[in-house]
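Asker: how does the following fold in three dimensions:
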Amino acid sequence: MIVDAPPAPTRRRADGIGTALCWLAVVPTTAWAAARLAGLDRGPLVQALAFTPYVAGWSVLALTLALALRRWWPAAVAALAAAVLIGVVAPRALAAPQPAAGGPIVRLLTANLLAGSADARTLVELVRRHRVDVLTVQEFTPDAQAALDRLGLDRLLPHRQLNAQIGTPGSGLYSRWPITDAGVRHNRGGWGFSQAYGTLAVPGAPPVRVESVHPSAPYALDQVGAWRGDLTTQPPATPDGGLRILAGDFNATLDHGPLRALLRTGYVDAADATGAGLTGTWGPYDGDLIPPVTIDHVLIDRRIAVRAVAVHDLPGTDHRPVLATIRLPAA
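Answerer: Numbering: from 1, shown residues only. As a prediction, the model looks like this:
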């Protein structure tokens, strides 16, 4: 039996619909790839670019659709966009070679306490169970400080530089080892978050300055300038000087230009270096359907080796603490 082919107008209509679907899938990913490659994190694109890893996954689906429908021009454009997006995202899932640091092991934990509402018992248990040596906290309140001490944090990490404040501006640095040259730096933009810092005297290693980082969040268009200003004034690395570590809630992902510029001064993102750079640390927020993004980081001097990074749950906060196990150079 011979089946008649569909009339030419019907075929053309079907072909047109298929082509339109391909372009509808391809054009957004191509525009996203161009914005990411050009570093166009301005205005509403600041928040959007945080979700670049998800768009990278979608770009593969768009390419697959174009290939399946044999739409070669959309497929060519989709392949280019996918190459760009996967090229900037995929390395975060791959471990990188580490320097041959021969000093002591240090376990550093950072946690945003969401205006002090994070569960203090869980946080102290994380410190105890993982033998944490250094803890940085953000959105640190007097009530949180009191609760942590009641649960024994003052005995686990007796040295500290704290700036507990009501609400969200507070910051803290706890250490197993003595802290010198300590202080608190205040960001000028947005909410004016503070950043506690100090130099740790780790036996067998050079002095290392650690700072609890918390720049403004780009939660609204009128806050983007404050966000950018706070990130650009973060302490740069000192490759020819002392060791530095920045740990905290950066309110930025590796797809944001200001954070990448900070890394280029001589830092390494610990999660990125161990292949854990795609693990989300923030979201969903208040039950919203927001996929997790990676805005909490531990940035270390390039002379420091990263052994492992793990992300943990902490009830009462919308952030997940990041635990980095690192090895310092020998003294």
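
Asker: Provide the contact partners of whatever helix or strand residue 122 lives in at residue level.
Answerer: Counting by DSSP states H and E, the element that carries residue 122 is helix 120-129. If you take Cβ atoms under 8 Å, 6 or more residues apart in numbering as the criterion, helix 120-129 is touched by 109, 111, 113, 132, 135, 144, 147-148, 150-153, 156-157, 312-315, 321, 323. To be clear about C-beta, it is placed using only N, CA and C from the backbone, and glycine gets the same treatment.

Asker: just the buried residues from those residues, in PyMOL please.
Answerer: Of the contacts of helix 120-129, the buried ones go into a single PyMOL selection, burial set by 16 or more other Cβ atoms under 10 Å:
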select buried, resi 109+111+113+132+135+144+147+148+151+153+156+157+312+314+321+323
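
Asker: let's see which of the contacts of helix 120-129 end up in helices.
Answerer: 144, 147-148, 150, 153, 156 (DSSP state H).

Asker: returning to what we had before: may I see the buried residues of the helix holding residue 122?
Answerer: Applying 16+ other Cβ under 10 Å to helix 120-129 flags 120, 122-124, 126-127 as buried.

Asker: and if you look at stretch 77-93?
Answerer: For stretch 77-93, the buried set under the neighbour-count rule, 16+ other Cβ under 10 Å, comprises 77-82, 84-86, 88-89, 91-92.

Asker: and if you look at stretch 261-278?
Answerer: So, applying 16+ other Cβ under 10 Å, buried residues of stretch 261-278: 262-263, 266-274, 276-278.

Asker: how about it as CSV, C-alpha atoms only?
Answerer: Only the C-alpha atoms of stretch 261-278 are listed here, as CSV (Å, rounded to 0.1, in the frame of the first residue of the first chain):
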residue,chain,number,x,y,z
ALA,A,261,38.8,39.5,39.5
LEU,A,262,39.4,38.9,43.2
LEU,A,263,40.6,35.4,42.4
ARG,A,264,43.0,36.7,39.8
THR,A,265,44.9,38.6,42.5
GLY,A,266,46.2,35.3,43.7
TYR,A,267,43.4,33.3,45.4
VAL,A,268,42.0,29.9,44.6
ASP,A,269,38.4,28.9,45.3
ALA,A,270,38.7,25.8,47.5
ALA,A,271,35.6,24.1,46.2
ASP,A,272,36.5,24.8,42.6
ALA,A,273,40.0,23.3,43.2
THR,A,274,38.6,20.0,44.5
GLY,A,275,35.9,19.5,41.9
ALA,A,276,33.1,20.5,44.3
GLY,A,277,32.5,23.9,42.8
LEU,A,278,29.0,23.1,41.6
